[in-house]
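1. here are the coordinates; sequence isn't available:
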């Protein structure tokens, strides 16, 4: 797997065994994990080929032995168990509860890279400016600065009776006004400069981010930051409570991202159906979409999170198609049955198409059309 966040999975990619995905919560215990696994493992038992049964049984034995000593943590669990080894990985993003036998089935990790895009958080307090990147629900502090604005003289003018200023201190503001105005103007000038420099630094370090949330214990700081140059459409105001911790701010950001994603899914599905209805460089359905995709004509490949269709792969040329006697590309009769769910990510990469995944009600609507459609290039 190329994603650096999942490099540990490269240790298992050539092995054969059981892949187990589970979503977990802080309240779930080892006993519940064992019960869930016992229920879902029967789903794959009957489908194991005769020649693989010994590998399956030994992998199963190792899996349950490992679960007996499990210490639950995080939001999700992936275990790969083979006759020789068992590997355990906990993550902070949710999985779908699934189990498979064979080579390591890592499709959920590929989908997760699409479903849980990285985002940023800029947070201002009285003491510091901070920039975080959130990747798979885990934060990383990218940089942090403490703006050094000496406001001691200005603050004294607020709380002490008027007195003669020290030598060298401006007596009036540039646009007129008293001494207090002059210090306040100078203070705002420096704050705006720090914010502008900080914003420019954030932009330079955020090419990989679609959204950056801006939060502060003072709302005027957010507005000032959003309005000062350089401009960027990435920044979105986030109004967390004034006493919120960074973890609470990130949780609020995650919920906002979900809202943004849901609106994007609704809009994408509408565009797909509208264009498909008029044959305007779009279509739905598995057979036609597979053909257009493998012709290299698909710009955006849109699937339901429930996509679960069986297809054939030609053993000679690798072409993917629905059931028929021979390959429509090379006429070879050698074919292998596969679930398109596990291969759609690789197909999208091979033909340089953007993979877009629908969830909830939008996914159910696309399910009525085989759970797949596409916007074409031409």
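-> Great, that's in hand. No experiment lies behind these values; they were computed from the predicted model shown.
2. are we agreed that residue 108 is in a helix?
-> Yes. Checked against DSSP: H, G, I helix; E, B strand; the rest coil, residue 108 lies within a helix.
3. what distance do you get for it to residue 20?
-> 11 Å (C-beta to C-beta, to the nearest Å). C-beta here means a position set from N, CA and C on the backbone, and glycine is covered the same way.
4. find the centremost residue of the chain, please.
-> residue 116 (1.3 Å; C-alpha atoms, centre = their mean).
5. quick check, that one in contact with residue 137.
-> Yes. Using C-beta atoms under 8 Å, residue 116 is in contact with residue 137, at 7.1 Å.
6. joint contacts of those two?
-> Residues touching both residue 116 and residue 137 (C-beta atoms under 8 Å, 6 or more residues apart in numbering) are residue 93.
7. ok, back up a step: more neighbours: which of residue 108 and residue 20?
-> Counted by other C-beta atoms under 10 Å, residue 108 and residue 20 do not tie: residue 20 has more neighbours, with 25 against 19.
8. which is the next helix or strand following the helix or strand of the chain with the lowest mean pLDDT?
-> Using mean pLDDT, DSSP states H and E, the weakest-scoring helix or strand in the chain turns out to be helix 152-159, at a mean of 49. Using DSSP states H and E, the helix or strand that follows helix 152-159 in sequence is helix 179-204.
9. partners of the next helix or strand along the chain from that following helix in the sheet?
-> Following helix 179-204 in sequence order, the next helix or strand is strand 212-216 (DSSP H and E). With DSSP bridges as the test, strand 212-216 is paired with strand 119-124 (parallel), strand 235-237 (parallel).
10. can you put those in TSV and add mean neighbour count, distance to residue 43 and mean pLDDT?
-> Listed next are these as TSV, based on neighbours: other C-beta atoms under 10 Å; distance: least, C-beta to C-beta, whole Å; pLDDT from 0 to 100:
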stretch	mean neighbour count	distance to residue 43	mean pLDDT
strand 119-124	22	35	95
strand 235-237	17	42	96
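11. need those strands in JSON lines (columns: distance to residue 216).
-> Converted to JSON lines, the strands paired with strand 212-216 look like this (distance: least, C-beta to C-beta, whole Å):
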{"stretch": "strand 119-124", "distance to residue 216": "4"}
{"stretch": "strand 235-237", "distance to residue 216": "9"}
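12. closest one to residue 91 among those?
-> With C-beta to C-beta as the criterion, residue 91 lies closest to strand 119-124 of the strands paired with strand 212-216, at 17.0 Å.
13. compute the inter-axis angle for that closest one and helix 179-204.
-> 160 degrees (axes from the mean of the first three to the mean of the last three C-alpha atoms, to 10 degrees).
14. and the helix or strand following strand 119-124, what does it pack against?
-> Remark: after strand 119-124, the chain's next helix or strand is strand 129-135, criterion DSSP H and E. Secondary-structure packing of strand 129-135 (3 or more C-beta pairs under 8 Å, 6 or more residues apart in numbering; DSSP states H and E): strand 119-124, strand 138-145, helix 179-204, helix 246-277.
15. residues in contact with strand 129-135: which ones?
-> The contact list for strand 129-135 (C-beta under 8 Å, 6+ apart) reads 5, 118-124, 139-147, 194-195, 198, 201-202, 205-206, 209, 246, 250, 253-254.
16. parallel or antiparallel, which strands does that strand pair with?
-> Partners of strand 129-135 in its sheet, by DSSP bridges: strand 119-124 (antiparallel), strand 138-145 (antiparallel).
17. could I get the ones you listed as JSON lines with distance to residue 75?
-> Converted to JSON lines, those look like this (distance: least, C-beta to C-beta, whole Å):
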{"stretch": "strand 119-124", "distance to residue 75": "17"}
{"stretch": "strand 138-145", "distance to residue 75": "10"}
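18. no more questions from me, cheers.
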